[in-house]
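**Student:** With the input below, show me the fold.
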Amino acid sequence: MSVERPPSPRRGKRAKGAGRKAELTAREDEKDARIRQLEARIAELESSGKDGRAEAGAVITEPKQDEETLRNSEQRLERSFDVSERPPAEVDAIIEVPQQERHDAEHRLESLLANSPLAVIEWSSDDTRIVRWSDEATRVFGWTAEESIGQRISESNWIDPEDRPLVEAVIADMLSGKRPRSVNKHRNVRKDGSVIHCEWFNSTLHDPSGRFSVLSFVLDLTEREQVEAALRAANLQLAEADQRKNEFLAVLSHKLRNRLAPIKSSLWVLVRATAGGDQVRRAQAVIERQVDQLARLVDDLLDVTRITRNEIKLQRQRLELSALVRQTIEDQRPLFDKAEVHLEFHPAPRPVFVNADGNRLAQVIGNLLQNAAKFTGPGGATLVTVHAERAEKRAAIQVVDTGVGMAPEMVSRLFQPFSQVDSSSDRSKGGLGLGLALVKGLVELHGGDVTAQSAGLGQGAEFTVHLPLAMEEATASQTGSENAAKSRRRVLVIEDNIDAADSLREVLASGEHEVEVAYSGPEGIAKAREFRPEAVLCDIGPPGMDGLEVARAFKADESLKDVFLVALSGYTLPEDLQRASEAGFERHLPKPASLEEVEALLAALPAPGPHGKAQGGPAE
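**Tutor:** So this is what the prediction gives:
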């Protein structure tokens with residue numbers, strides 16, 4: 001839409017000047033005519049003998065005066081609108097104001113672009129070369145302005161290959177004028193190779209000559225995308241957990257009804273049958289069996305809760321693993337006979353010892369065997385093997401069946417509570433989805449791990465349990481000279497997890513160290529004053545007085561300040577190590593600390609001083 005602008009004063013002056021020029025031309029023509037008349041008159045006077053010069057002067061003077069007047073007037077008019085005729089000071093005064101305003105506007109724009117919280121990139125429409133690259137662009141993409149300016153934006157290597165077609169389409173639309181403005185999201189590649197998510201705001205800028213460039217503001221969305229992805233994953237996990245919970249409640253109610261129904265029927269029989277008769281004995285047997293099964297259901301539920309809350313206390317003892325597995329197999333064999341599944345056991349060629357809670361470990365093996373019997377059809381087979389992996393200082397139990405197998409996506413969530421391999425309406429073989437979750441929790445309490453594998457549906461399954469070998473078993477291959485080289489140390493363990501503290505004490509004591517245990521920080525400080533340890537293995541995060549406070553208390557106590565302090569913690573970031581060092585810990589071992597690390601650290605301590613204290617610390 002065009003807007004009519006009022007005529008400027010300068011244009012008015014120019015129009016007035018043009019009219020005066022026309023008037024001057026007319027006067028010139030009139031002057032020429034009079035000159036010709038004058039010449040004719042002079043000739044006439046000379047022919048009559050008179051002097052015509054005086055008359056001629058009078059005739060010529062008037063036109064010349066008029067001509068000079070017009071010429072001066074024209075010059076004044078020209079100077080009124082032509083700055084070239086003005087004095088320099090006057091011209092500068094006229095030009096200075098708009099130039100300063102333009103300079104100020106350009107300075108403000110450059111300042112805004114330079115300090116924008118968004119990355120600013122400008123590229124030419126002629127050859128798509130980058131002509132502007134802000135400091136924020138360097139922060140976002142990693143390349144400096146020197147590395148980027150002059151590169152063609154269409155050929156840059158900071159566009160994700162999968163998103164390049166989208167970017168090329170946007171560039172083409174911008175160059176053709178179809179889209180003077182655009183907003184689009186795509187992935188970019190930083191200089192270090194990492195992929196980031198960005199939103200680009202593009203606009204075309206035109207200059208008076210008709211050429212244009214594209215100015216882009218780029219917002220880094222990577223952190224937001226990561227947060228949104230984490231939220232989506234969390235929502236998915238919550239949805240899956242909710243689904244498993246619903247399935248669990250449905251199965252639990254089904255199991256309870258199945259157990260309560262025969263109990264209720266048997267009670268009806270007991271009320272009406274003759275005392276001491278066969279009907280009464282059969283009803284009592286039914287009630288006993290069903291109550292036992294109900295008790296196992298409740299025990300499983302309680303065990304899952306105890307594991308989650310870390311409330312299970314293991315009663316560890318030195319056990320021969322093959323013997324324990326053999327006994328559990330015999331206990332479960334009737335279940336396999338009933339299911340018509342062949343059960344075979346291959347024990348280790350020589351004894352394999354572990355420090356474990358026999359009842360809990362039998363529960364682990366029993367759950368794996370029940371799982372195999374449940375999902376292996378008649379005519380199938382289950383093989384159980386035990387062997388020692390001495391290089392890794394661990395024992396292995398494998399249960400391999402030829403049953404229904406598992407889909408790959410099921411393996412990853414197999415050990416989660418309430419997970420069901422078969423979610424069909426036929427739940428005659430289904431349990432509460434707690435058995436394998438209990439296996440995982442109990443094995444991890446023993447310091448081991450459990451894995452599952454399957455080639456797919458109908459291809460069977462393989463479960464493997466790894467447990468640490470007992471100290472004597474793990475070190476049986478070491479030479480007698482190595483054992484003799486070990487130094488007996490006085491070690492204090494401060495750990496609020498009773499199982500972790502007691503098991504560490506047993507391991508260290510089997511290495512001929514003298515070990516005391518404290519289950520809290522204050523107890524540890526008090527026991528240290530009596531026990532006079534050479535080294536303290538202290539958990540960083542017990543409740544109440546944490547490990548950092550314990551370390552500060554040791555260093556502030558004249559009688560304990562020389563004790564060698566070792567932090568045990570799952571927190572291993574650089575700032576965690578720094579805090580531990582500042583508190584007074586000489587070393588930091590990540591949980592679970594390996595036996596080799598602890599023994600090497602204790603062996604490196606110098607010989608005890610006259611009061612039982614180590615003089616100095618181990619060399620790093």
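
**Student:** Assign a three-state SS to Ile287, would you?
**Tutor:** Three-state assignment for Ile287 (DSSP: H, G, I helix; E, B strand; the rest coil): helix.

**Student:** Check whether the nearest residue to it once chain neighbours are set aside sits in a helix, strand or coil.
**Tutor:** Counting by C-beta to C-beta, 6 or more residues apart in numbering, the nearest residue to Ile287 once its immediate chain neighbours are dropped is Ser266, at 4.9 Å. From N, CA and C alone the C-beta is placed, and that goes for glycine too. Of the three states, Ser266 takes helix according to three-state DSSP.

**Student:** residues in contact with Glu516?
**Tutor:** Contacts for Glu516 (C-beta atoms under 8 Å, 6 or more residues apart in numbering) come out as 491-493, 505, 527, 531, 533.

**Student:** Sitting in strands, which of those do you find?
**Tutor:** 491-493 (DSSP state E).

**Student:** Turn those into TSV, columns for pLDDT, neighbour count and distance to Arg326.
**Tutor:** Shown next, in TSV, are those (pLDDT from 0 to 100; neighbours: other C-beta atoms under 10 Å; distance: C-beta to C-beta, whole Å):
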residue	pLDDT	neighbour count	distance to Arg326
Val491	92	26	37
Leu492	93	24	40
Val493	92	26	35
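
**Student:** Out of those, flag the one nearest to Arg179.
**Tutor:** Nearest to Arg179 among the ones in strands among the contacts of Glu516: Val493, at 69.7 Å, using C-beta to C-beta.

**Student:** Distance of Asp135 relative to Thr144?
**Tutor:** Remark: distance between Asp135 and Thr144 (C-beta to C-beta, to the nearest Å) = 9 Å.

**Student:** Where does Leu414 fall, secondary structure wise?
**Tutor:** Element membership for Leu414 (DSSP states H and E) is empty, with no helix or strand holding it.

**Student:** Tally up the residues packed near it, please.
**Tutor:** 22 (other C-beta atoms under 10 Å).

**Student:** Can you name the residues that contact the closest residue to it other than its chain neighbours?
**Tutor:** Closest residue to Leu414 apart from its sequence neighbours, by C-beta to C-beta, 6+ apart: Ala452 at 5.3 Å. By C-beta under 8 Å, 6+ apart, the residues touching Ala452 are 406, 411, 414-415, 436, 461-464.

**Student:** swap in Glu340?
**Tutor:** By C-beta under 8 Å, 6+ apart, the contact list for Glu340 reads 378-379.

**Student:** go on, the one 4 residues further on?
**Tutor:** Glu344 makes contact with 381-384 under the criterion C-beta under 8 Å, 6+ apart.

**Student:** what about 6 Å?
**Tutor:** Leu383 (C-beta atoms under 6 Å, 6 or more residues apart in numbering).

**Student:** so what pLDDT did it get?
**Tutor:** pLDDT recorded at Glu344 is 93.

**Student:** That one - that's part of a strand, no?
**Tutor:** Yes - checked against three-state DSSP, Glu344 lies within a strand.

**Student:** Just list whatever residues bridge to it.
**Tutor:** Per DSSP bridges, the residues bridged to Glu344 are Leu383.

**Student:** any idea how far it is from Thr402?
**Tutor:** 11 Å.

**Student:** overlap in contacts of the two?
**Tutor:** Common contact partners of Glu344 and Thr402 (C-beta under 6 Å, 6+ apart): none.

**Student:** Near the nearest residue in space to Phe345 that is not next to it in sequence, how many other residues are there?
**Tutor:** Nearest non-adjacent residue to Phe345, counting by C-beta to C-beta, 6+ apart: Val384, 4.8 Å away. The tally of other residues near Val384 (other C-beta under 10 Å) stands at 24.

**Student:** pretty sure Val384 is touching Val399, no?
**Tutor:** Yes - using C-beta atoms under 6 Å, Val384 is in contact with Val399, at 5.4 Å.

**Student:** Against Trp133, how distant is the residue lying closest to Ile159 once chain neighbours are set aside?
**Tutor:** Closest residue to Ile159 apart from its sequence neighbours, by C-beta to C-beta, 6+ apart: Val167 at 5.2 Å. In this structure, Val167 and Trp133 are 17 Å apart, going by C-beta to C-beta.

**Student:** try Glu523
**Tutor:** With distances taken as C-beta to C-beta, Glu523 is found 62 Å from Trp133.

**Student:** Who is Leu467 paired with across the strands?
**Tutor:** Ala395.

**Student:** helix or strand for the residue lying closest to Ala339 once chain neighbours are set aside, which one?
**Tutor:** Spatial nearest neighbour of Ala339, excluding adjacent residues (C-beta to C-beta, 6+ apart): Ala373 at 5.0 Å. Element membership for Ala373, per DSSP H and E: helix 358-374.

**Student:** That helix - contacts with which helices or strands?
**Tutor:** helix 321-339, strand 394-401, helix 435-445 (3 or more C-beta pairs under 6 Å, 6 or more residues apart in numbering; DSSP states H and E).
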